[in-house]
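Asks: Build me a model:
(chains A and B)
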2 protein chains.
Amino acid sequence: MDGRGAIVDRVAAPDGILSVVDGGFESVLMNRCGAWLAQHRSAPVLLSGMIGSRQGWKEAPYRDCPADATNVVQAMAKLTLSDGRNVHVVPGLRYVDPEGGHDVMRGEETQIFGLPDLERGDRVVCLPGTHSKWVAVRNGRIERFATYMTGEVYAVMSKHSILGRLLVGDAHDPMAFAAGLDLARRDGGLLHHLFRVRTAGLMNAMGGERLSSYLSGIVVGHEVRAALAGFPARQVGLVGSGPLTSLYAEALRRHGVEPRSGPEDAAAHGLYRLAAAMAA
Amino acid sequence: MDGRGAIVDRVAAPDGILSVVDGGFESVLMNRCGAWLAQHRSAPVLLSGMIGSRQGWKEAPYRDCPADATNVVQAMAKLTLSDGRNVHVVPGLRYVDPEGGHDVMRGEETQIFGLPDLERGDRVVCLPGTHSKWVAVRNGRIERFATYMTGEVYAVMSKHSILGRLLVGDAHDPMAFAAGLDLARRDGGLLHHLFRVRTAGLMNAMGGERLSSYLSGIVVGHEVRAALAGFPARQVGLVGSGPLTSLYAEALRRHGVEPRSGPEDAAAHGLYRLAAAMAA
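Replies: Numbers count the residues shown, from 1 in each chain, chains lettered A, B, ... in the order given. The predicted structure follows:
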């Protein structure tokens, strides 16, 4: 990124930590970004996400909430490359609720710091995904958050439960998705509503090609219902792009909540903000 | 069974409908029960469960609720063996809720008809399992019911989700199970509480050998919480025996509800009651 926070070049590759053998993290960095490093010898280098986990390159232990960008910078781990250059590893965040229950994130904190106008006022942010995060931010500080296993429950129920046999493809069907959202707002609970996917298929109330959208609406609807109870808001910021964000936007609107789309490249902007806080 | 409803002989075998090839249902019956049939030529023969499904021997279409034993007898399907003897197939039940949603059971209705003193008053019955059923019965008539995918969600999350990697064995840990029940009574929703299994393992709040009981407490707790909202009762009859019934009894007690254990062999007693209703 340049000195004003604009992205000038980017690279993406399937080099997640589980694919790196024998701790060869530095060679992956050099293969992907070596030219940048050679060209910009004084640019700060920051890493975030699972690279800072115990299974990553260098563990950056979780920082407890509440935490703002300065707190996160203070908790960064540092490692040194073969040529002596320093690299900074962004820590994940931990939230301990009043009953002593734990929640954790790693990488999402960086995306949140990439949101515009973060320093001003209260906001609720949702990062949809395999493990969706809902986050309360006040005046630039991440106060608390909760994780919902929505994407993973959808995936394992689709692939490995008795529901899977009834599902035909996974094309999006807006009516079936909306029917799932509506069902999730009624009484009965998720464990019961999941069975409705089966009876809708068995009783031919819904064709098999619509059932994956129905299932998706049920689980997304249950997430949004539970999360809005814990994170009440009239507006919710959605981080991410593409079809999943649109589904969450629709679920929010059904609860009378206005979705606000986040910027593209929130992670990059968050890294820039953290680098700026390091320099300050 | 004898003429007073006592079991005089029994056989159990892994001959579920999916294991029967080329529609060879009569040979399975003859292999397992041929000697009884020869010895008791006038005894009524009743089949219940998936044998009456579309994939079974003879489809007995679902009977709508409310339904008592007489209604079920009237909806039985009939088939004739090679020697001309009649066999009766118990239909499953269907419940259509006020919003038009469907629920179904097949086999559990027979177990319910096997409960003592069914004709008198209101009761709520729970049949724990892969797909748990909660049933409202009034004066011997099954009024309505709901299915909860509790056992299957537990199984697929244990085996196929990221939680499975943290679970060490599945020995019962009463404290961890109780902690799961307690968590399920708090706010947050099932999708969030499932992630707590992960953080409890990651943060070493709970050893891996306790996590399967924690997960079990969370899903059973969510079922019981949602079901008691839909089927309010001070007493709930539990059908079944063994460890699962004990877990549900504990979950009910935590909600201030008294569990009542059903009789052993509820299915056999239910078949007897239906045979008696046929004769009447």
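Asks: ok, how many other residues are close to A:V96?
Replies: Residue crowding around A:V96 was assessed by other Cβ atoms under 10 Å in any protein chain shown; the count is 14. Using the backbone N, CA and C atoms, a C-beta is placed for each residue, glycine as well.
Asks: Can you give me the distance of it to chain B?
Replies: Counting by Cβ to the nearest Cβ, to the nearest Å, the separation of A:V96 from chain B is 9 Å.
Asks: That residue reaches A:H102, doesn't it?
Replies: Yes: contact criterion Cβ atoms under 8 Å: A:V96 and A:H102 qualify, at 5.8 Å.
Asks: Now the stretch 51-200 of chain A against chain B: closest residue?
Replies: Of all residues in the stretch 51-200 of chain A, the one sitting closest to chain B is A:G189 (2.8 Å; Cβ to the nearest Cβ).
Asks: residues touching A:E152, list them.
Replies: Counting by Cβ atoms under 8 Å, 6 or more residues apart in numbering or on different chains, A:E152 touches A:T130, A:H131, B:S161, B:I162.
Asks: if we can go back for a sec, assess the claim that the residue of the stretch 51-200 of chain A closest to chain B and B:V219 are in contact.
Replies: No: judged on Cβ under 8 Å, A:G189 makes no contact with B:V219 at a distance of 10.7 Å.
Asks: more neighbours, the two?
Replies: Remark: of A:G189 and B:V219, B:V219 carries more neighbours, 26 against 23, as counted by other Cβ under 10 Å.
Asks: Enumerate every residue touching the more buried one.
Replies: B:V219 makes contact with A:L191, B:T150, B:V153, B:Y154, B:M157, B:G180, B:A184, B:L190, according to Cβ under 8 Å, 6+ apart.
Asks: do that again at 10 Å, thanks
Replies: Contacts here follow Cβ atoms under 10 Å, 6 or more residues apart in numbering or on different chains; on that basis B:V219 touches A:190-191, B:132, B:148-155, B:157, B:180, B:184, B:190, B:193-194.
Asks: now A:H131
Replies: By Cβ under 10 Å, 6+ apart, the residues touching A:H131 are A:104-105, A:108, A:147-152, B:162, B:191, B:194-195, B:198.
Asks: repeat that for 7 Å
Replies: By Cβ atoms under 7 Å, 6 or more residues apart in numbering or on different chains, the contact set of A:H131 is A:T147, A:M149, A:G151, A:E152, B:F195.
Asks: next one: the lengthiest helix in chain A to chain centre, how far?
Replies: In chain A, taking DSSP state H as the definition, the longest helix is helix A:208-230. Its chain's average C-alpha position is 17 Å from that of helix A:208-230, according to Cα atoms, centre = their mean, to the nearest Å.
Asks: Now the element after it, going C-ward?
Replies: strand A:235-238 (DSSP states H and E).
Asks: Return the set of buried residues in that following strand.
Replies: For strand A:235-238, the neighbour count (16 or more other Cβ atoms under 10 Å in any protein chain shown) marks A:V236, A:G237, A:L238 as buried.
Asks: Then stretch A:41-53?
Replies: Under the neighbour-count criterion of 16+ other Cβ under 10 Å, stretch A:41-53 has A:P44, A:V45, A:L46, A:L47, A:S48, A:G49, A:M50, A:I51, A:G52, A:S53 buried.
Asks: For the fourth one, which non-adjacent residue is closest in space?
Replies: To tie it back to what came earlier, the one meant is A:L47. Excluding the flanking residues, the one nearest A:L47 by Cβ to Cβ, 6 or more residues apart in numbering or on different chains is A:V89, at 5.0 Å.
Asks: Then the second one?
Replies: The spatial neighbour of A:V45 that comes closest, neighbours along the chain excluded (Cβ to Cβ, 6+ apart), is A:V87 at 4.6 Å.
Asks: looking at this, the one you found is in a strand?
Replies: Yes: counting by DSSP: H, G, I helix; E, B strand; the rest coil, A:V87 falls inside a strand.
Asks: Now do the contacts for it.
Replies: A:V87 neighbours (Cβ under 7 Å, 6+ apart): A:V45, A:L47, A:L79, A:L81.
Asks: quick one: pLDDT of the first one?
Replies: Looking at A:V45, its pLDDT reads 97.
Asks: and it, what does it touch?
Replies: Residues near A:V45 by Cβ under 7 Å, 6+ apart: A:R85, A:V87, A:H88.
Asks: Check the second one too.
Replies: Contacts were defined as Cβ under 7 Å, 6+ apart; by that measure A:L47 touches A:V87, A:V89, A:V90.
Asks: Let's see that with 10 Å instead.
Replies: A:25, A:29, A:56-58, A:60, A:76-77, A:79, A:87-90, A:110, A:271.
Asks: so how far is A:R273 from it?
Replies: 15 Å (Cβ to Cβ, to the nearest Å).
Asks: Tell me which stretches of the stretch 51-200 of chain A form helices.
Replies: Here the stretch 51-200 of chain A has its helices, by DSSP state H, counting those that start in this stretch, at A:69-74, A:108-113, A:150-160, A:174-184, A:190-202.
Asks: Now find how far off-centre the third one is within its chain.
Replies: Same thing as helix A:150-160. 17 Å.
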